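> Here is a sequence with its predicted model. Questions after.
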Amino acid sequence: MKEDEVFVVFDWAMKYLPRKYREDQLDWFGKRGISCHISVCFRRNAEELQSLTFVHIFESQILQDSKTTSATICDVLNNVLKNNPEVRSVHLWSDNVACYKCADTIININNNKPSKGHIVSYNFCEAQDGKGACDRAAATFKSGIKRYVNQGNDVVNAKQIKTAIERTKKNVKCHIKVVKIQTRDTATKNQASIPGITSYNNFVFENGGLRVWKAYGIGPDVDFVTPLCSQLTYEGLLDDTFGISCGYIEFGKDVTGKDQSTKLLLGSEDQIFDEVRNRHFSNVFEYLSS
């Protein structure tokens, strides 16, 4: 691994059950676990291998699906590249659970503008391949939380988990975020797909395409171009064609036919746009004409 490369490992930790320092038997029943996502970044500095852990703790009950997972991964990549502008290449690694190994996650990562051109590969491990860096980090944090509770503190929500980790992490370098996710439509209409994705384990990102292998470097590869050529949702096509910046889209004189350009705010306040923004472009006109 070169000094301008970063290797990132992802995994969802087992949900943490809220705990009080003193609780009766009734407090134990009906508990709902708190979701935590862990990412560990490795980088070589001279002869030393450095690591930095990112922990995302979710305030509310969430689906650990491709949308949540890809948004979390993109946040980690954005932080790493923003704070380390000298990094040129990023390699990703995770297990092959469905929220990671799916077309939605791979396409969302590829279309993430801050990391565009930096992501080189995404490799998936075999099922039941043992414990990794994220499991070690999770074990360290949970041990620290247990000590924090035994000192007379309650840990029953995401913010208290963050406080417990920060006060007991000792020499572990980490960034911890408490994340709030807005309620959204969980329907998977027009979901993108990559044929036979479950049989592939090694993905290499190239300009305009994706090259995959069943086993790393063994045999002929398969070149998937179509899924990564362009965004297929209505909002994605607007972004590709006109550009969306801070929620605003600007139409030039050649579009408006006026002497000056027009800037519009795209948001959920516009009920029609909110309904069609995530639809496949081929279904938008059918919806508008109905």
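In hand now; what should we look at? Because the structure is predicted, anything quoted here is derived from the model rather than measured.
> looking at the protein, which residue ends up farthest from its center?
What lies farthest from the middle of the chain is residue 259; by C-alpha atoms, centre = their mean that is 41.9 Å.
> any idea which element that residue lies in?
With elements taken from DSSP states H and E, nothing contains residue 259; it lies in neither a helix nor a strand.
> residue ranges of the helices in the stretch 151-290 of the chain, please?
When assigned using DSSP state H, counting those that start in this stretch, the helices of the stretch 151-290 of the chain occupy the ranges 158-168, 226-229, 234-241, 253-256, 271-276, 281-289.
> Can you list the buried residues in the last one?
By neighbour count, with 16 or more other C-beta atoms under 10 Å as the criterion, the buried positions of helix 281-289 are 281, 284. (Glycine included, C-beta is placed from N, CA and C.)
> Would you pull up how far it lies from the middle of the chain?
Relative to its chain's centre, helix 281-289 lies at 29 Å (C-alpha atoms, centre = their mean, to the nearest Å).
> now the angle between helix 234-241 and it, please.
Put simply, helix 281-289 runs at 120 degrees to helix 234-241, going by axes from the mean of the first three to the mean of the last three C-alpha atoms, to 10 degrees.
> Give me the below-cutoff pLDDT ranges for the stretch 101-250 of the chain.
Judged against pLDDT under 70, the low-scoring parts of the stretch 101-250 of the chain cover residues 127-130, 183-192, 216-232.
> Give me the contacts around stretch 266-277.
233-235, 238, 244, 247-249, 284, 287-288 (C-beta atoms under 8 Å, 6 or more residues apart in numbering).
> Show the buried residues in those residues.
So, by 16+ other C-beta under 10 Å, the buried ones in the contacts of stretch 266-277 are 233-235, 238, 249, 284.
> And the strands in the stretch 51-200 of the chain?
Remark: strands assigned in the stretch 51-200 of the chain by DSSP state E, counting those that start in this stretch are 89-94, 119-124, 174-179.
> Adding mean neighbour count and distance to residue 14, write the ones you listed out as JSON lines.
Formatted as JSON lines, the entries for the strands of the stretch 51-200 of the chain read as follows, by neighbours: other C-beta atoms under 10 Å; distance: least, C-beta to C-beta, whole Å:
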{"stretch": "strand 89-94", "mean neighbour count": "20", "distance to residue 14": "16"}
{"stretch": "strand 119-124", "mean neighbour count": "19", "distance to residue 14": "20"}
{"stretch": "strand 174-179", "mean neighbour count": "17", "distance to residue 14": "17"}
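> can you put those in a markdown table and add distance to residue 29?
Listed next are those as a markdown table, based on distance: least, C-beta to C-beta, whole Å:
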| stretch | distance to residue 29 |
| --- | --- |
| strand 89-94 | 34 |
| strand 119-124 | 38 |
| strand 174-179 | 26 |
